[in-house]
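Q: got a structure for you, letters missing:
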């Protein structure tokens with residue numbers, strides 16, 4: 001199952017993330033794809049706001065992961081852009097983040113191939129004229145059932 005949207009402006013990207021949050025109340029793994037500056041972190045901000053988090057959301061480009069505690073869900077926002085070898089993720093104990101009732105939102109997931117679990121959702125963001133084209137794909141049965149709520 002998949003959903004496609006055209007988004008114009010930062011507020012609209014946050015709103016789309018807020019809407020998508022209803023599909024993530026039971027956790028899951030979300031890969032966010034798109035070039036630099038496409039709005040991946042803005043989308044994550046919307047997801048976290050949609051789950052009830054009202055604090056600041058920053059890109060974890062230098063820290064690799066930022067944790068958030070929202071609605072009885074442990075949420076982790078990863079940015080793997082600066083990872084040069086997936087083995088680096090093993091050293092930081094990345095597999096521990098995927099146990100239990102967690103939500104893992106991962107930018108640049110291709111940098112962790114072989115270490116990361118399969119995605120429940122893939123969110124692809126591409127530039128269109130003055131906005132963004134967002135494609136949300138459910139990759140598991142659990143994700144397909146959750147995506148129906150959108």
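A: Arrived safely, thanks for sending. A quick note: this is a predicted structure, and the numbers were derived from the prediction, not measured. Residues are numbered from 1 along each chain as shown.
Q: The residue minimising distance to the centre of the chain: which element?
A: The centre of the chain sits closest to residue 105, judged by CA atoms, centre = their mean, with a distance of 3.1 Å. For residue 105, the host element (DSSP states H and E) is strand 102-107.
Q: per-residue pLDDT, the residue of the chain positioned farthest from its centre?
A: Within the chain, residue 129 marks the point farthest from the mean C-alpha position, 23.7 Å out by CA atoms, centre = their mean. pLDDT for residue 129: 89.
Q: Spell out the residue ranges of the helices in this structure.
A: For the chain, helices defined by DSSP state H occupy the ranges 10-21, 40-50, 87-91, 141-147.
Q: Now the spatially closest residue to residue 130 that is not a sequence neighbour: phi and psi?
A: Distances taken as CB to CB, 6 or more residues apart in numbering put residue 8 closest to residue 130, at 6.4 Å, once the chain neighbours are dropped. Using the backbone N, CA and C atoms, a C-beta is placed for each residue, glycine as well. Main-chain dihedrals, residue 8, degrees, to the nearest 10: phi -120, psi 100.
Q: Pull out the buried residues from stretch 124-132.
A: Neighbour counts using 16 or more other CB atoms under 10 Å place 124, 125, 132 of stretch 124-132 among the buried residues.
Q: what's the span of it from first residue to last?
A: End-to-end distance for stretch 124-132: 10 Å, by CA to CA, to the nearest Å.
Q: gap between it and the chain center?
A: In terms of CA atoms, centre = their mean, to the nearest Å, the centre of stretch 124-132 is found 17 Å from the chain centre.
Q: dump the residue contacts of the nearest residue to residue 116 once chain neighbours are set aside.
A: Among residues not flanking residue 116 along the chain, residue 109 sits closest, at 5.9 Å (CB to CB, 6+ apart). Applying CB atoms under 8 Å, 6 or more residues apart in numbering, one finds that residue 109 lies in contact with 31, 32, 33, 80, 116, 119.
Q: burial of the first one, as a residue count?
A: Using other CB atoms under 10 Å, residue 31 is surrounded by 24 other residues.
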